[in-house]
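> Dropping a prediction and its sequence here:
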Amino acid sequence: MTLTAQHVVDAAARLQGVAHTTPLQRSERLSSDLGAEVYLKREDLQVVRSYKLRGAYNLIAQDLEAARASGVVCASAGNHAQGVAWAAQLFALDARIYVPATTPRQKRDRIAVLGGDRVQVLVVGETYDESFAEATKDVNGTGAVLVPAFDDLRTIAGQGTVAHEVVAQLGGAPDLFVAPVGGGGLLAGCATFLAPYDTRVIGAEPKGAASMTSALAAGHPVPLQDVDSFVDGAAVRTVGSVTFPLVQQHVAQVVTVDEGALCTEMLALYQSDGIIAEPAGALASAALPQVVTPGSTVVCVLSGGNNDISRYAEILERSLVHQGLKHYFLVEFPQEPGALRRFLAEVLGPDDDIALFEYIKRNNRETGPALVGLELARAEDFAPLRARMDASAMTCTLIEPNDPLFRFV
């Protein structure tokens with residue numbers, strides 16, 4: 001059995017009156033910047049602040065008798081868990097939900113609120129895949145209904161209702177449809193529904209967790225050796241065996257997005273558009289500069305808004321580094337009076353700001369090392385700064401973002 005557009009239509013009928021029909025909003029900022037008509041499908045305004053309830057509800061509704069007898073089980077990085085918790089409460093089912101330790105506290109708390117007393121949250125492993133392995137053991141031992149986050153045709157069909165709504169709201173199919181990729185459920189479902197239309201479907205995944213890109217290159221799903229969990233909603237080590245062939249068949253391209261560029265887009269959504277997006281939620285719009293053709297009609301899925309406010313300091317930091325506005329150096333200062341004053345006067349530019357300064361004075365050495373973080377007003381100020389550093393008597397060593405030392409700053 002494979003997925004067809006009719007499965008998505010049937011899922012939409014089941015979700016009628018259950019899931020919100022989320023707004024399709026034109027983005028003035030992105031439309032102006034890219035010279036296209038860009039619309040955001042606001043799944044962050046869904047009941048559980050993401051599209052994930054669509055697939056969870058669609059699956060459980062088709063296996064309700066078994067779910068009532070033995071309960072339901074799922075693994076999730078957070079958003080799917082909220083969808084399952086919400087559906088379990090709606091159907092009056094018991095649920096056990098396995099989440100990795102990297103799931104933000106905000107998402108764990110939301111799972112508990114949505115599920116109430118019927119839902120048990122279990123923190124297992126560091127990645128989605130480790131949590132899924134534990135959920136599978138649970139199902140094998142208890143006979144509970146497994147609700148996969150992406151690798152089940154019923155889940156995929158439910159997620160595909162996002163595209164079903166877009167076509168109805170737009171009055172036709174867009175020229176370009178961009179969706180985020182984790183395990184591939186949303187992308188596979190939407191691409192399958194849009195297959196009969198003349199729409200170019202593109203997936204966007206984080207550079208540090210590019211499991212679909214790796215799978216397409218290999219011709220089959222392959223596990224990533226390393227996964228950057230920053231984009232927790234898309235940090236999947238291996239894409240689905242069910243989702244992969246659908247993506248391979250119907251998706252024109254999958255692009256990767258640097259986490260710094262993603263953070264810059266998250267801040268733009270917040271500051272310019274008043275939208276709180278989680279990292280995975282901003283993937284599609286962050287990918288647009290790579291894929292948009294001027295003059296085209298574009299829809300990108302803003303997939304979720306479950307962001308922990310405490311993460312914004314890191315988000316801002318990653319954005320500044322990505323834009324070339326923040327840099328870190330190890331500076332060897334002569335251990336003599338006036339060394340810092342000369343650094344400020346001779347090396348720093350008029351608009352350069354010291355964001356971090358940590359100095360260890362050693363009496364038995366002629367120089368003392370300092371960790372210095374500088375924030376620039378413009379990225380083009382970096383070259384003159386380095387020239388002044390090279391001309392000074394101090395030794396200044398740039399700490400690159402890929403340097404292991406960068407983790408400590």
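Cool, got the structure.
> Measure how buried residue 289 is and give me the count.
13 (other Cβ atoms under 10 Å). From N, CA and C alone the C-beta is placed, and that goes for glycine too.
> and the helix or strand that contains it, what does it pack onto?
According to DSSP states H and E, residue 289 maps onto helix 283-291. With contacts taken as 3 or more Cβ pairs under 8 Å, 6 or more residues apart in numbering; DSSP states H and E, helix 283-291 sits against helix 28-34, strand 37-42, strand 176-180, strand 200-206, strand 253-257, helix 259-273, strand 297-302.
> So which of those has the densest surroundings on average?
Ranked by mean neighbour count, the helices and strands packed on helix 283-291 are led by strand 176-180 with a mean of 28 (mean count of other Cβ atoms under 10 Å).
> Show me what the helix or strand following that strand is packed against.
Counting by DSSP H and E, the next helix or strand C-terminal to strand 176-180 is helix 185-194. Packing partners of helix 185-194 (3+ Cβ pairs under 8 Å, 6+ apart): helix 5-15, helix 153-170, strand 176-180, strand 200-206, helix 243-250.
> and with 6 Å instead?
When contacts are defined as 3 or more Cβ pairs under 6 Å, 6 or more residues apart in numbering; DSSP states H and E, helix 185-194 packs onto helix 153-170, strand 176-180, strand 200-206, helix 243-250.
> Can you verify residue 327 is assigned to a helix?
No: the assignment for residue 327, made by DSSP: H, G, I helix; E, B strand; the rest coil, is strand rather than a helix.
> for the stretch 201-350 of the chain, what are the low-confidence residue spans?
The model of the stretch 201-350 of the chain has no residue with pLDDT under 70.
> coming back round to it: please tabulate the helices and strands packed on helix 185-194 in a markdown table, including the columns distance to residue 102.
Formatted as a markdown table, the helices and strands packed on helix 185-194 follow (distance: least, Cβ to Cβ, whole Å):
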| stretch | distance to residue 102 |
| --- | --- |
| helix 153-170 | 22 |
| strand 176-180 | 17 |
| strand 200-206 | 13 |
| helix 243-250 | 22 |
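> closest to residue 375 out of those?
strand 200-206 (25.0 Å; Cβ to Cβ).
> partners of the closest one, with directions?
Strand 200-206 has the following sheet partners, assigned by DSSP bridges: strand 176-180 (parallel), strand 253-257 (parallel).
> Which among the helices and strands packed on helix 283-291 is found nearest to residue 386?
Of all the helices and strands packed on helix 283-291, helix 259-273 comes closest under Cβ to Cβ, at 20.1 Å.
> just to revisit the earlier point, could you check the angle strand 200-206 makes with the helix holding residue 289?
Interaxial angle of helix 283-291 relative to strand 200-206 (axes from the mean of the first three to the mean of the last three Cα atoms, to 10 degrees): 120 degrees.
> What residues of helix 283-291 count as buried?
283-288, 291 (16 or more other Cβ atoms under 10 Å).
> and if you look at stretch 81-93?
81-89, 91, 93.
> Helix or strand: which one has residue 18?
Here residue 18 is assigned to no helix or strand, by DSSP H and E.
> Phi, psi for it please.
Phi and psi for residue 18, reported as degrees, to the nearest 10, are phi -110, psi -60.
> How about it, nearest residue that isn't a chain neighbour?
Closest residue to residue 18 apart from its sequence neighbours, by Cβ to Cβ, 6 or more residues apart in numbering: residue 57 at 6.0 Å.
> Enumerate every residue touching residue 101.
123, 126 (Cβ atoms under 6 Å, 6 or more residues apart in numbering).
> Assign it to helix, strand or coil.
With three-state DSSP as the basis, residue 101 sits in coil.
> measure it to residue 107 for me?
12 Å (Cβ to Cβ, to the nearest Å).
> And for residue 401?
From residue 401 to residue 107 the distance is 27 Å (Cβ to Cβ).
> Neighbour count for these two, which is higher?
residue 107 (26 against 13).
> Confirm the more buried one sits in a strand?
No: the assignment for residue 107 by three-state DSSP gives helix, which leaves it out of any strand.
> Do you know the pLDDT at the residue nearest to it when sequence neighbours are not counted?
Nearest residue to residue 107, sequence neighbours excluded (Cβ to Cβ, 6+ apart): residue 78, at 3.3 Å. Residue 78 is assigned a predicted lDDT (pLDDT) of 80.
> burial count for residue 78?
Counted with other Cβ under 10 Å, residue 78 comes out at 27.
> So it sits against residue 103, correct?
Yes: counting by Cβ atoms under 6 Å, residue 103 is a contact partner of residue 78 at 4.7 Å.
> Now do the contacts for residue 354.
For residue 354, the contact set (Cβ under 6 Å, 6+ apart) is empty.
> at 7 Å instead, please
Shown in contact with residue 354 (Cβ atoms under 7 Å, 6 or more residues apart in numbering): 372, 374.
> so which of the helices and strands packed on helix 283-291 gets nearest residue 123?
That would be strand 200-206 among the helices and strands packed on helix 283-291, by Cβ to Cβ, at 22.2 Å.
> Quick one: the helices and strands packed on helix 283-291 as CSV, columns for distance to residue 140 too.
Below are the helices and strands packed on helix 283-291 laid out as CSV (distance: least, Cβ to Cβ, whole Å):
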stretch, distance to residue 140
helix 28-34, 46
strand 37-42, 37
strand 176-180, 31
strand 200-206, 30
strand 253-257, 32
helix 259-273, 36
strand 297-302, 34
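> Could you check these and tell me which one is nearest residue 4?
Of all the helices and strands packed on helix 283-291, it is strand 200-206 that lies closest to residue 4, at 15.8 Å by Cβ to Cβ.
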